[in-house]
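Chemist: What follows is a predicted protein model with its sequence.
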Amino acid sequence: MSKVKAMTIFPDDLYISGLKRLFGGEAFAEVAPTFDAAAGWLRALTDAKGADGLSLEAGREAFDMLLRDYGQEIGLQDPAIRMLPMRRRARKGFEALAAWFESTWGWKSTVSIEATSLNYQLNSTGKEEKVELQSQFCYFVEGLLQGLLFWASGGRYFEAHSLVSHKDSQLVCEFAFSKTPID
């Protein structure tokens, strides 16, 4: 695997790129290039649940870009991950993404496996999101993870449960993805 460090993308850029793929770039001509501005724009466009759903979809769209532009750096293009059976590829992909998030952005994440689910917990982003936008941020991360599962499974969707909470005044996003795809 090549150790050439690609230009690092920032989380705000990734979020906005996902939204641009959904809405087209013209929609964002007047929106400042920050997560808070784009998330606020979504809230003005729709209600809180609609903004959460659009943030989730932006995450799915952004994963495609992340895989294309940073897949080698993250380790997802490594044959040691790509050639694994679906469930192991998904777990190793979550672990690789968690390691990349921490080394690139300082996000602390844990991956665990239960009898029926693959769990991902984002413990700290070090980012001070506005309280009313925090659920949108977590849904965006869930969309990234759903994009990874879609890629790892060859195009299948998995039931997901998410929880947004706080621990020691830090944002915590918890996700549990079923090990069995929705058919």
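Modeler: Received, thanks.
Chemist: which residues of this structure fall in strands?
Modeler: Applying DSSP state E to the chain gives strands spanning 108-113, 117-124, 157-167, 170-182.
Chemist: Can you lay out the ones you listed as a markdown table showing distance to residue 147?
Modeler: (Each C-beta comes from the backbone N, C-alpha and C, glycine too.) Shown next, in a markdown table, are those (distance: least, C-beta to C-beta, whole Å):
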| stretch | distance to residue 147 |
| --- | --- |
| strand 108-113 | 16 |
| strand 117-124 | 13 |
| strand 157-167 | 11 |
| strand 170-182 | 12 |
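Chemist: Which single helix of the protein contains the most residues?
Modeler: Counting by DSSP state H, the longest helix found in the chain is helix 48-74.
Chemist: Run the chain-centre distance for it.
Modeler: Distance of helix 48-74 from the chain centroid (C-alpha atoms, centre = their mean, to the nearest Å) equals 6 Å.
Chemist: Mind giving me the packing neighbours of it?
Modeler: helix 11-23, helix 35-45, helix 86-105, helix 134-152 (3 or more C-beta pairs under 8 Å, 6 or more residues apart in numbering; DSSP states H and E).
Chemist: Please spell out which residues along that helix are buried.
Modeler: Neighbour-count burial for helix 48-74, counted by 16 or more other C-beta atoms under 10 Å, picks out 51-63, 65-67, 70-74.
Chemist: cool, and stretch 26-39?
Modeler: Neighbour count says stretch 26-39 has 28, 31, 35-36, 38-39 buried, by 16+ other C-beta under 10 Å.
Chemist: I'd like these as JSON lines, with distance to residue 91 and pLDDT appended.
Modeler: Shown next, in JSON lines, are the buried residues of stretch 26-39 (distance: C-beta to C-beta, whole Å; pLDDT from 0 to 100):
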{"residue": "28", "distance to residue 91": "35", "pLDDT": "69"}
{"residue": "31", "distance to residue 91": "36", "pLDDT": "75"}
{"residue": "35", "distance to residue 91": "28", "pLDDT": "80"}
{"residue": "36", "distance to residue 91": "33", "pLDDT": "79"}
{"residue": "38", "distance to residue 91": "31", "pLDDT": "84"}
{"residue": "39", "distance to residue 91": "30", "pLDDT": "82"}
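Chemist: on that earlier part again, among the strands of the chain, single out whichever gets nearest to residue 44.
Modeler: strand 157-167 (20.8 Å; C-beta to C-beta).
Chemist: Keeping just the C-alphas, turn that closest one into CSV.
Modeler: What follows is strand 157-167 as a C-alpha-only set of coordinates in CSV (Å, rounded to 0.1, in the frame of the first residue of the first chain):
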residue,chain,number,x,y,z
TYR,A,157,-28.6,-1.9,2.8
PHE,A,158,-28.6,-2.7,6.5
GLU,A,159,-31.0,-1.6,9.3
ALA,A,160,-29.4,1.0,11.5
HIS,A,161,-30.2,2.5,14.9
SER,A,162,-28.5,5.7,16.0
LEU,A,163,-28.3,7.7,19.3
VAL,A,164,-27.0,11.2,19.8
SER,A,165,-25.9,12.0,23.3
HIS,A,166,-23.3,13.8,25.4
LYS,A,167,-20.6,12.5,27.7
